[in-house]
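>>> my questions are about this predicted structure, shown below with the sequence.
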Amino acid sequence: MKMIHAILTISMIALASVTFTQSAQCASDVLKYEDNRGHLVLVDSAAKIPKKYLNRVEAIPTGKEAVKLNAGLTDLILKNRNISGIEKYFDNYVFWNRWTLILCFLFLLTFLLPLFFRNVVSRIIIFVGFLFLFILFHLFVYIPGLQNRAYLFAVTVRQLHGVSFPTEEGIRYKVLSYRIHSEELPLIPVNIYLELLELRKLQQSIRFRK
């Protein structure tokens, strides 16, 4: 039993540290809008924006992650003006990263670790404990990370020079990325995954301006 408690304690500490790291990486955005005189205004909170200008607001991602993403996408566009390159970049940035590996690792531990215990009670405790950790990580670390990465990617693409959308698709892309970012976490976040897939499909409407 002491071994079981030790494993669960270590797992909880690891989950807490991962959660802290993930939250620390999510830098807040700077908001910009243009007033009736044509002046550009930058604010750090939506509460500082007059209601009549709310439909003009754009987010400017800040922080090291935004700078790195901007540089990576710019380099990709300069070297390869093919939309498939951006789609692959989106897949790697949003889905296939260390957070996905951690989620898969927790899933495997949930089903494989109990096999190393002969006692049925120990197996059940380990299984339930790691299943609980998996669900917690998925709902409160992995999904919020997906939301933030998808939003950051979408905003960066919209603001990059040399990339544009047809008007209708561009509006849908902007609205969808904001909806993903601001979506309240449901118990089973299927709609967030569906919205992410729709966002990826909209990328096929991207055009490179010469």
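The structure has been received and is ready for your questions.
>>> contacts and neighbour counts: CA atoms only from here.
Noted.
>>> helices of the protein, residue ranges please.
With helices called from DSSP state H, the chain shows them at 2-25, 64-79, 83-90, 98-112, 120-137, 143-159, 167-182, 190-202.
>>> return the residues in contact with residue 69.
153, 156 (C-alpha atoms under 8 Å, 6 or more residues apart in numbering).
>>> what's the separation between it and residue 124?
Distance of residue 69 to residue 124, computed by C-alpha to C-alpha, to the nearest Å: 43 Å.
>>> repeat for residue 142
Using C-alpha to C-alpha, residue 142 is found at 25 Å from residue 124.
>>> what's the closest of the helices of the chain to residue 40?
Residue 40 lies closest to helix 143-159 among the helices of the chain, at 15.3 Å (C-alpha to C-alpha).
>>> tell me the buried residues in the closest one?
Neighbour-count burial for helix 143-159, counted by 16 or more other C-alpha atoms under 10 Å, picks out 143-158.
>>> residue 142 and residue 124 - which one has more neighbours?
residue 142 (20 against 12; other C-alpha atoms under 10 Å).
>>> pLDDT score assigned to residue 70?
Residue 70 carries a pLDDT value of 92.
>>> likewise the one 4 residues further on?
On the pLDDT scale, residue 74 is placed at 90.
>>> could you find the closest non-adjacent residue to residue 165?
Counting by C-alpha to C-alpha, 6 or more residues apart in numbering, residue 165 lies nearest to residue 206, which is 4.9 Å off, once chain neighbours are set aside.
>>> wait, that neighbour sits on residue 83?
Yes: with contact defined as C-alpha atoms under 8 Å, residue 206 and residue 83 form a contacting pair (7.0 Å).
>>> show the average pLDDT along stretch 116-135.
pLDDT averaged over stretch 116-135 gives 91.
>>> list the buried ones in it?
122, 123, 125, 126, 127, 129, 130, 131, 133, 134, 135.
>>> now, which of those residues sits nearest residue 192?
Nearest member of the buried residues of stretch 116-135 to residue 192, counting by C-alpha to C-alpha, is residue 135, at 15.9 Å.
>>> distance of that closest one relative to residue 86?
In terms of C-alpha to C-alpha, residue 135 sits 31 Å off from residue 86.
>>> now do residue 110
From residue 110 to residue 86 the distance is 35 Å (C-alpha to C-alpha).
>>> do you know the pLDDT at the spatially closest residue to residue 66 that is not a sequence neighbour?
Leaving aside its sequence neighbours, residue 66 sits nearest to residue 152 (C-alpha to C-alpha, 6+ apart; 7.0 Å). pLDDT, residue 152: 92.
>>> kindly report the same for residue 201.
93.
>>> buried deepest among the helices of the chain, which one?
Ranked by mean neighbour count, the helices of the chain are led by helix 143-159 with a mean of 21 (mean count of other C-alpha atoms under 10 Å).
>>> does anything pack onto it? Which helices or strands?
Applying 3 or more C-alpha pairs under 8 Å, 6 or more residues apart in numbering; DSSP states H and E, we find helix 143-159 packed against helix 64-79, helix 167-182.
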